[in-house]
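[1] coordinates for the following, if possible.
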Amino acid sequence: MAEQFEITDEMREAIGVESPPWVYEVTTTSVRAFARGVGYTDPVYFDVEAAQKAGYRSLPAPPTYLGTPVFIPGQSSDTFSGPAQGGPSLQHGLKGLLDGGTETEYLEQICAGDTLVSTSKIVDLQVRESRSLGKMLITTSQATYTNQQTGKVAAIQRSQAIFY
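    A predicted model of the protein is given here:
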């Protein structure tokens with residue numbers, strides 16, 4: 001439990017620094033696999049004809065699914081498949097980690113056949129105190145997904161991580 005913790009100037013300098021872009025592919029196979037994995041049964045996630053009858057270009061990406069990061073040996077994270085170096089890392093020294101939640105804002109339709117390019121950045125750092133965990137560092141990150149077919153931002157995802 002951290003009794004003392006402060007945000008350093010070096011940590012503040014990481015705010016707003018954008019990660020290198022990374023490609024995410026949305027395929028019919030990945031849409032079907034994700035939908036099946038989370039228990040969706042709506043035919044629009046499995047049958048292209050049903051999706052088109054419902055007004056989609058192809059199979060729509062299910063909620064929270066923003067494609068599969070393209071894996072490039074030597075450049076990708078072995079764990080998450082995205083970039084091995086996703087931007088500046090915070091040297092905070094806290095060992096515990098909790099997921100603080102994620103919200104996704106959709107700005108345009110995402111369907112199978114789309115290729116999204118994502119960049120991310122830290123947008124906020126805060127220190128809070130918990131009775132049970134002591135001082136905590138709350139980081140807020142934002143990822144922007146741009147559809148390469150339209151050139152428009154398709155989604156913005158905001159997430160928090162809690163280090164203690």
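[2] use CA for all of it now, contacts and neighbours both
    Fine.
[3] who touches the lengthiest helix in the chain?
    Under DSSP state H, the helix in the chain containing the largest number of residues is helix 28-38. The contact list for helix 28-38, computed with CA atoms under 8 Å, 6 or more residues apart in numbering, reads 41, 45-46, 59-62, 65, 67-68, 112-113.
[4] separation between the closest residue to Leu90 other than its chain neighbours and Glu129?
    Distance criterion CA to CA, 6 or more residues apart in numbering; nearest residue to Leu90, sequence neighbours excluded, is Met11 at 5.9 Å. Distance, Met11 to Glu129, using CA to CA, to the nearest Å: 18 Å.
[5] next one: Leu66
    Taken as CA to CA, the span from Leu66 to Glu129 is 33 Å.
[6] Thr64 now?
    According to CA to CA, Thr64 stands 30 Å off from Glu129.
[7] and the longest helix of the chain, which residues are buried?
    Residues of helix 28-38 classed as buried: 28, 30-32, 34-35 (neighbour count, 16 or more other CA atoms under 10 Å).
[8] in ChimeraX, select just the buried ones from the contacts of helix 28-38.
    Buried residues within those, by 16+ other CA under 10 Å, are selected in ChimeraX with:
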select :45,46,59,60,61,62,67,68,112
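[9] how many neighbours does Gly74 have?
    By other CA atoms under 10 Å, the residues close to Gly74 number 9.
[10] could you pull out the strands for this structure?
    For the chain, strands defined by DSSP state E occupy the ranges 22-25, 68-69, 97-106, 115-130, 134-147, 153-163.
[11] now those in a markdown table, with distance to Gly16 and mean pLDDT?
    Output for those, formatted as a markdown table (distance: least, CA to CA, whole Å; pLDDT from 0 to 100):
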| stretch | distance to Gly16 | mean pLDDT |
| --- | --- | --- |
| strand 22-25 | 17 | 97 |
| strand 68-69 | 22 | 94 |
| strand 97-106 | 18 | 97 |
| strand 115-130 | 6 | 96 |
| strand 134-147 | 9 | 96 |
| strand 153-163 | 13 | 97 |
